[in-house]
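Novice: Output the structure for:
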Amino acid sequence: MELVIDRLSKQFQNKIAVDRVSLRLGPGVTGLLGANGAGKTTLMRLICGILKPTAGSVTFDGKEAESESFRAVLGYLPQDFGYYPDFTGLDFLRYMAALKGLGKAQGRRKSEEIMYTVGLKEVCGRKIKTYSGGMRQRLGIAQALLNDPKLLILDEPTAGLDPKERVRFREMIADLGRDSVVLLSTHIVSDVEHIADRVLIMRSGQIVHDGAWDRHEDLERFYLSLCGEEADHG
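Specialist: Numbering: from 1, shown residues only. Next up is the predicted model:
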């Protein structure tokens, strides 16, 4: 099980957002740190096949990012995920399950299981427009998990979560990383320093650090030393 990113680049007019990034990611949690504007979101959209690269390629176990077989193993939480405010949380998950190709019975079962997993079981029958920001973010995490993804891409997933919810999220992601390739992007250092097996630091479209992380080290200090005034550590 391996995600292979080979010399991946994306240019928008005169700006190079992602500049010749090459990576190989196996099972476990990889944290992607960088200031706002460093290129993290563009990189994730390229990985998920939402954007077409200017150059380079993305494959997962030989499956190309644009293929249906790639999407079948992918779970993705964008920074701002779309939802229908008049749907209940459970109805939204069932709808997303159908879009992901799950059968009706399987979609109903998985939706109920995941509402429990992300701590939304008590509000599953309420309309999404009544949810707090943290609840909506947990619903976004839930939809990313519906198809038991082997590749999980999470872009700023803890935005809007309170400290207790953030701890719950970290524990859940650490568990998922045992059997999946998880890439977690954030500009908040504490999101990754407790759970990441490997840390990437991105600056100006390039990976400026890639390595295993010793949990006893001060990740924030190291991050600031690389990114300087650009760093926004929340």
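Novice: Does H187 touch E156 like I think?
Specialist: Yes. Using CB atoms under 8 Å, H187 is in contact with E156, at 7.5 Å. For every residue, glycine as well, the C-beta is placed using N, CA and C.
Novice: helices or strands next to the helix or strand of the chain with the lowest mean pLDDT in the packing?
Specialist: One helix or strand of the chain scores below all others by mean pLDDT, DSSP states H and E: helix 219-227, with a mean of 73. Helices and strands touching helix 219-227, by 3 or more CB pairs under 8 Å, 6 or more residues apart in numbering; DSSP states H and E, are helix 190-193, strand 198-203, strand 206-212.
Novice: 7 Å instead, please
Specialist: The elements that helix 219-227 packs onto, with contact taken as 3 or more CB pairs under 7 Å, 6 or more residues apart in numbering; DSSP states H and E, are strand 198-203.
Novice: residue contacts, L43?
Specialist: 18, 21 (CB atoms under 7 Å, 6 or more residues apart in numbering).
Novice: now the strand or helix carrying it, how far from the centre of its chain.
Specialist: Per DSSP states H and E: L43 is located in helix 40-47. Here helix 40-47 is found 10 Å from its chain centre; the criterion is CA atoms, centre = their mean, to the nearest Å.
Novice: now do stretch 147-156
Specialist: Offset of stretch 147-156 from its chain centre (CA atoms, centre = their mean): 6 Å.
Novice: hey, what's the residue nearest the centre of the chain bridged with?
Specialist: Computing the C-alpha centroid of the chain and ranking residues by CA atoms, centre = their mean puts L154 first, at 0.8 Å. Counting by DSSP bridges, L154 forms beta bridges with L77, L184.
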